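Student: coordinates for the following, if possible.
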Amino acid sequence: MPELPEVEVVRRGLAQSVTDRTITAVRVHHPRAVRRHEAGPTDLTARLLGAAITGTGRRGKYLWLTLGDEADVGGARRDAGSALVVHLGMSGQMLLGPVPNKNHLRIAALLDDGTTLSFVDQRTFGGWMVAEMVTVDGTDVPTPVAHIARDPLDPAFDRDLVVTLLRDKHSEIKRQLLNQAVVSGVGNIYADEALWRAKVNGARLASALPRRKLAELLDAAAEVMTDALDEGGTSFDSLYVNVNGESGYFDRSLDAYGREGQPCRRCGAVMRREKFMNRSSFFCPRCQPRPRT
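Tutor: Below is the predicted model of the structure:
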């Protein structure tokens, strides 16, 4: 599933290409792709037709296009009252231009400059919905995103506040890194990478870690996701691509995730894999010793 860096790569590509464009046509090819829009595909189409894309946003793994009137383009801008919220799910792609495999095309929109914006989703876990904007902690976000915590790359991210929240959590620190109500955007890959960088085993209780170590861990999460963003994100297969259909290259720089049986890049010990929440955790048994029972 795309995590924060991959979603941010897509958002940046959209920001460069679709901002100040008007949607002139919409076609929903698969109803499952709009299942989160409770009013149905006809209503979503009607709300998008003629709407101007006035900007882009992202929080954690959610991205959105803010919508306004056609008159907003190139003129005095008012706050958009709604947004097209996009969740990529496991395999969703927002592509500009021709679609290589139309078998997985779920939604297509035409912009006033002739550009086609397509939502392609092989596994159909993602989708589009139009939602109203609300103000939460001084920031305008779509209503489905209002409960999502800020992420470590958000300029308003309060690391000390999150450390305090984590100190009250009597469960595994990795479980809390994946808790989008505590800190958003961190998925399985970047949780393992941050834990490796901070020399923390994911099975340790969040409440048992000192504030200094929790702060170090959150800083490591921000650093590794920034590094991944610089390389276009992590692509293990063709399911994650940017808006131009190109893959990221951070998988070549991973220090923990997927490295079972390989030497730790820091100490040389053999990396291990353990089951965790129907997923896998990868760690160094020497640098990241398991908590004593």
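
Student: show me the helices in the stretch 1-150 of the chain, by range?
Tutor: Using DSSP state H, counting those that start in this stretch, the helices of the stretch 1-150 of the chain run over 4-18, 41-48.

Student: just say which of those helices is most tucked in.
Tutor: Neighbour counts (mean count of other CB atoms under 10 Å) averaged over each of the helices of the stretch 1-150 of the chain peak at helix 4-18, with a mean of 21. From N, CA and C alone the C-beta is placed, and that goes for glycine too.

Student: list of residues touching that helix?
Tutor: Applying CB atoms under 8 Å, 6 or more residues apart in numbering, the set of residues contacting helix 4-18 from outside is 2, 53, 55-58, 60-63, 65, 88, 94, 96, 111, 115, 117, 151-153, 184-187, 190, 225, 228-229, 232-234, 240, 242-244, 248, 250.

Student: now do stretch 154-174
Tutor: Looking at what lies outside stretch 154-174 - CB under 8 Å, 6+ apart - the contacts are 59, 137-139, 149-152, 176, 179, 182-183, 191-192, 195, 200, 202-207, 209, 211, 214-215, 217-219, 222, 276, 281.

Student: and the buried ones among the residues you listed, selectable in PyMOL?
Tutor: Buried members of the contacts of stretch 154-174, defined by 16 or more other CB atoms under 10 Å, are picked up in PyMOL with:
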select buried, resi 59+149+150+151+152+176+179+182+183+191+192+195+200+202+203+204+206+209+214+215+217+218+222+276+281
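
Student: and the longest helix for this protein?
Tutor: Secondary structure of the chain read by DSSP state H shows that its longest helix is helix 211-230.

Student: for that helix, give the mean pLDDT please.
Tutor: Looking at helix 211-230 alone, the average pLDDT works out to 95.

Student: who does the next helix or strand after it pair up with?
Tutor: With elements assigned by DSSP states H and E, the helix or strand that comes after helix 211-230 is strand 272-276. The strands beside strand 272-276 in its sheet (DSSP bridges) come out as strand 279-283 (antiparallel).

Student: go through the partner strand and flag the buried ones.
Tutor: Ser281, Phe282, Phe283.

Student: residues contacting the second one?
Tutor: If I follow you right, that is Phe282. Applying CB under 8 Å, 6+ apart, we find Phe282 in contact with Asp192, Trp196, Ala256, Tyr257, Gly258, Arg259, Glu260, Met271, Arg272, Arg273.

Student: which residue sits closest to it, ignoring its sequence neighbours?
Tutor: If the residues on either side of it in the chain are set aside, Phe282 comes closest to Ala256, at 4.6 Å by CB to CB, 6 or more residues apart in numbering.

Student: quick one, phi/psi of that neighbour?
Tutor: In terms of degrees, to the nearest 10, the main-chain angles of Ala256 are phi -130, psi -60.

Student: wait, it touches Ala198, no?
Tutor: No - in this structure, Ala256 is not within contact of Ala198 by CB atoms under 8 Å, at 11.0 Å.

Student: look up the closest residue to Arg204, ignoring the ones flanking it.
Tutor: Of all residues not flanking Arg204 in the chain, Pro291 sits nearest, at 4.8 Å (CB to CB, 6+ apart).

Student: repeat that for Met277.
Tutor: Computed as CB to CB, 6+ apart, the closest residue to Met277 that is not its neighbour in sequence is Arg175, at 7.0 Å.

Student: next secondary structure after the helix or strand containing that neighbour?
Tutor: Taking DSSP H and E as the definition, one finds Arg175 inside helix 173-177. The C-terminal neighbour of helix 173-177 among helices and strands, as given by DSSP H and E, is helix 188-198.

Student: rewinding a little: burial measure for the residue nearest to Phe282, as a count.
Tutor: Ala256 has 29 neighbouring residues, counting by other CB atoms under 10 Å.

Student: repeat for Pro263
Tutor: Counted with other CB under 10 Å, residues neighbouring Pro263 total 12.

Student: repeat that for the one 4 residues further on.
Tutor: For Cys267, the number of neighbouring residues by other CB under 10 Å comes to 11.

Student: so how far does stretch 154-161 reach from one end to the other?
Tutor: According to CA to CA, to the nearest Å, stretch 154-161 extends 14 Å from its N-terminal end residue to its C-terminal end residue.
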